[in-house]
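Student: Dropping a prediction and its sequence here:
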Amino acid sequence: MVKRPSADHGDRKDKTKKPRHEPSAANPSPQAKFTRPEDIQAFLKTDDVGTLTQGDLAGLTTLRNQLTIRLHEGTLGPQDERLLLTKNWLEKWSGARDVFALIDRSMKPSANVMSLALSVLSALLNLLTTHFIYHDLGLPILKNLLSPNHMRILNSNLVEGSADVILSTLKLLNVMSNFAGGAEKRTVMDEFAWGQKVK
């Protein structure tokens, strides 16, 4: 007599497999998108900078890519989803202070975090300069970047930073000088350390 297999034989789980970890707001997968300002803030509030440097730095990379205006795009409408997400975020957490916190605490040991954080700030200013009604949300970011401490970091990046950090810094300085029709271009030029030798 042939013994029939039990009904659950084909459904038996391989107990050697590791449990699958689902992405969360504080540690999104590379494909995840931030859909609410609270999701962005939850990610940026991660206390351990080391969690931002694993793999491909999924969270910061996602945020940068999501906010970036592509070269082929035309004029953005005021209801563009990136603008609305940025507006809702910065109305609750003015000046993107937690992005600056990443720059301040990752200055030396984490060039990847520095480069991506600078790119996020560039993307924010690029978005907010597209319409006059959003300029007020970008001005606190610009003013913070023009502070002596952050201009010292930006100038230092051009001398001591990696290739990615240098490129991100130059792009940010260009965006800063052009924000709101060049409202602070003279200040950016005055604060730039022209006498230093860029790598």
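Tutor: Yes, it's here.

Student: Could you list every helix and strand in contact with whichever helix or strand residue 38 is part of?
Tutor: Using DSSP states H and E, residue 38 maps to helix 37-44. Counting contacts by 3 or more C-beta pairs under 8 Å, 6 or more residues apart in numbering; DSSP states H and E, helix 37-44 is packed against helix 58-67, helix 81-92, helix 97-105. No exception for glycine: its C-beta is placed from N, CA and C like everyone else's.

Student: so how far is residue 194 from the residue most central in space within the chain?
Tutor: In the chain, the residue lying closest to the centroid (C-alpha atoms, centre = their mean) is residue 120, at 3.3 Å. Using C-beta to C-beta, to the nearest Å, one gets 27 Å for the distance from residue 120 to residue 194.

Student: Please apply the same query to residue 61.
Tutor: Distance of residue 61 to residue 194, computed by C-beta to C-beta: 32 Å.

Student: thinking the residue nearest to the centre of the chain is in contact with residue 63, fair?
Tutor: Yes. With contact defined as C-beta atoms under 8 Å, residue 120 counts as touching residue 63 (5.6 Å).

Student: So what does residue 193 look like in phi/psi?
Tutor: phi -80, psi 90 (degrees, to the nearest 10).

Student: so who does it touch?
Tutor: Residue 193 is in contact with 155, 158, counting by C-beta atoms under 8 Å, 6 or more residues apart in numbering.

Student: got the buried residues for the longest helix along the chain?
Tutor: Criterion DSSP state H: the longest helix present in the chain is helix 163-182. Going by neighbour count (16 or more other C-beta atoms under 10 Å), the buried part of helix 163-182 is 165-166, 168-173, 175-180.

Student: ok now that helix, how far from the chain's centre?
Tutor: Here the centre of helix 163-182 is set off from its chain's centre by 14 Å, with C-alpha atoms, centre = their mean, to the nearest Å.

Student: picking up where we left off before, out of the buried residues of helix 163-182, which comes closest to residue 133?
Tutor: residue 180 (11.6 Å; C-beta to C-beta).

Student: The closest residue to the closest one other than its chain neighbours: how many residues sit nearby?
Tutor: Distances taken as C-beta to C-beta, 6 or more residues apart in numbering place residue 135 nearest to residue 180, at 4.8 Å, with adjacent residues excluded. A total of 16 residues lie near residue 135 under the criterion other C-beta atoms under 10 Å.

Student: OK, contacts around the residue nearest to the centre of the chain?
Tutor: 60, 63, 64, 67, 96, 99.

Student: ok, the last one touching residue 121?
Tutor: So the one you mean is residue 99. Yes. With contacts counted by C-beta under 8 Å, residue 99 reaches residue 121, the gap being 6.0 Å.

Student: just to revisit the earlier point, between residue 61 and residue 194, which has more neighbouring residues?
Tutor: Shown here are residue 61 and residue 194; by other C-beta under 10 Å, residue 61 has more neighbours (18 against 7).
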